[in-house]
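Trainee: Here you go, sequence then predicted model.
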Amino acid sequence: MFEGITYVIPCGGAKLTRRAPARDLYLGSLFRHTLDNAERCARLDTETLDQPARVLILSAKYGLVELDEVLEPYDLRMDAPGSITADALAAQAGALGIDWGAEVYALLPRPYLARLDEALRSLDVWVQDVYEACGGNGDQRHVNAVIGRPPVTAAPAEPDGPGPVVWLGGDVSALWWGVRVLVSYVRLRAVKTPPVAVEEWLLDSGGYDQLMRHGGWTVPAVEYAADIRRYGREIGRLVWAAPQDWPASRGALARTGLTEVEHQERTVASVEELRAADTGVHIAALLTGTTPDGYLRHADMYARAGIDLRAEPVEAVGALLRRPVTEAAEIVRLLHAAGLTRLHTLGGKGPLLDLVGGLIASTDSADWSGNARRHVGRCPHGLVAWEANCPVAAREWGVRQRERAARSVVQPMLPLAC
């Protein structure tokens, strides 16, 4: 039996027209990316765990092959007639030392995974699906990049310098990056088996998207609460979740046909309902409004509902985007003057941090990805194909935002009368 870890990656559609070692036969960029990161991961296993590790390729024609095995080119997919059978795969696996108790990790698309799983179950070997939470090739590339880099030392719970905590907006796979991230419920809801978080994270409700697409919330509160409870249990490290908020931006009001007050009342009601559901995760009190004064009125609504915002661990401030940055800054100053000193600005970045970075405790933004896409292009760190998907780019952007906020010179308003 092979006393180590086996990684199994898929063959590729694009091939050389001549016989060649398996590692060289397949030409596709996704194959190269998967192979490079799987080999890197195997080397890390050997170095850090003092345990042998190897990479095998699952070919639709030849089955399990070692990287240096010479193959003739072919044109066959796993779901096509004539592809390798589960029985033949089981025999190959046995010959390669894969038997009961073996550690096998598959980086495979569904048809290949199903065939391998069927084969190895006959040997009492359970395949670990590395791509289980992935929705497509983009997610798979994210996972490849994560497994192929050295273990990440998680960032400390508090920033290691002046300035607010910066949470980076990311996709589901960003939960493996080892940085603080904010993930949208819209993304997570489509994932059947989410990954385990490496670092603390926040859950954004995707409220603006819900309202603009549907004119209101289509997800029942009981379902949203159940999902939060599940994320807290299965993903772990969830610091707080946003309520099913009703952003009171002018665009959202025009879409729903409701008033600012109605949006605010529904947001407070969601906080109360979700907290009563006992999700095991803190539900953040979220402030929204159309005008700066509207935010103060919303704070009063929370007080009338028995929620003392000044005693909350975080006061989330939404609907700051799509308005002049000077107006967004005025909102932050007003709320801070009202005694709210643990402000989290949803989507707050760059110019807003220049103006009021010293008045906020934390912020989040996914703009690092767009910035990388617009100004960098291909990833210079060698982790992924494009910088817009790079965890190093995300981390470095977050550090720059925190430093930018720390440099801001803020003249706070005089405290408002209580």
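Mentor: That came through, no problem.
Trainee: who touches Glu69 in this structure?
Mentor: Shown in contact with Glu69 (Cβ atoms under 8 Å, 6 or more residues apart in numbering): Pro21, Ala22, Tyr62. C-beta here means a position set from N, CA and C on the backbone, and glycine is covered the same way.
Trainee: if you set the cut-off to 6 Å instead, what comes out?
Mentor: If you count contacts by Cβ atoms under 6 Å, 6 or more residues apart in numbering, Glu69 has them with Ala22.
Trainee: Convert the C-alpha atoms of stretch 52-66 to CSV, please.
Mentor: Output of stretch 52-66 as CSV, limited to C-alpha atoms (Å, rounded to 0.1, in the frame of the first residue of the first chain):
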residue,chain,number,x,y,z
PRO,A,52,5.1,11.0,0.9
ALA,A,53,2.6,12.6,-1.5
ARG,A,54,2.1,12.1,-5.3
VAL,A,55,-0.1,13.3,-8.1
LEU,A,56,-1.9,11.0,-10.5
ILE,A,57,-3.8,11.9,-13.7
LEU,A,58,-7.3,10.4,-14.3
SER,A,59,-7.5,9.8,-18.1
ALA,A,60,-10.8,8.9,-19.7
LYS,A,61,-9.0,6.4,-21.9
TYR,A,62,-6.0,5.2,-19.8
GLY,A,63,-7.4,5.5,-16.3
LEU,A,64,-5.0,6.4,-13.4
VAL,A,65,-1.6,7.3,-14.8
GLU,A,66,1.6,8.5,-13.3
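Trainee: contacting residues around it?
Mentor: By Cβ under 6 Å, 6+ apart, the residues outside stretch 52-66 that reach it are 4-11, 22, 38-39, 42, 45-46, 71, 74, 76-78, 83-84, 88-89, 92, 112.
Trainee: In helices, which of the residues you listed fall?
Mentor: Ala22, Ala38, Glu39, Ala42, Asp45, Thr46, Ala88, Leu89, Gln92, Tyr112 (DSSP state H).
Trainee: pLDDT, neighbour count and distance to Arg141 added to those, as a markdown table?
Mentor: Putting the ones in helices among the contacts of stretch 52-66 into a markdown table (pLDDT from 0 to 100; neighbours: other Cβ atoms under 10 Å; distance: Cβ to Cβ, whole Å) gives the following:
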| residue | pLDDT | neighbour count | distance to Arg141 |
| --- | --- | --- | --- |
| Ala22 | 95 | 19 | 21 |
| Ala38 | 91 | 25 | 13 |
| Glu39 | 92 | 18 | 16 |
| Ala42 | 90 | 22 | 18 |
| Asp45 | 84 | 20 | 21 |
| Thr46 | 87 | 15 | 24 |
| Ala88 | 96 | 15 | 30 |
| Leu89 | 96 | 22 | 26 |
| Gln92 | 95 | 18 | 28 |
| Tyr112 | 95 | 23 | 17 |
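Trainee: farthest pair in those?
Mentor: Thr46 and Ala88 (29.4 Å; Cβ to Cβ).
Trainee: For stretch 260-272, which residues meet the burial criterion?
Mentor: Applying a neighbour-count criterion of 16 or more other Cβ atoms under 10 Å, one finds Glu260, His263, Gln264, Glu265, Arg266, Thr267, Val268, Ala269, Ser270, Val271, Glu272 buried in stretch 260-272.
Trainee: which residues sit against it?
Mentor: Taking Cβ under 6 Å, 6+ apart as the rule, stretch 260-272 contacts 243-246, 248, 283, 285-286, 288, 290, 294, 298, 301-302, 305.
Trainee: Looking at the closest residue to Leu321 other than its chain neighbours now. What's its pLDDT?
Mentor: The shortest distance from Leu321 to any residue other than its chain neighbours is 4.6 Å, reached at Gly347 (Cβ to Cβ, 6 or more residues apart in numbering). According to the prediction, Gly347 has pLDDT 94.
Trainee: Gly347 is in contact with Arg322, isn't it?
Mentor: No. Between Gly347 and Arg322 there is no contact under Cβ atoms under 6 Å: 9.2 Å.
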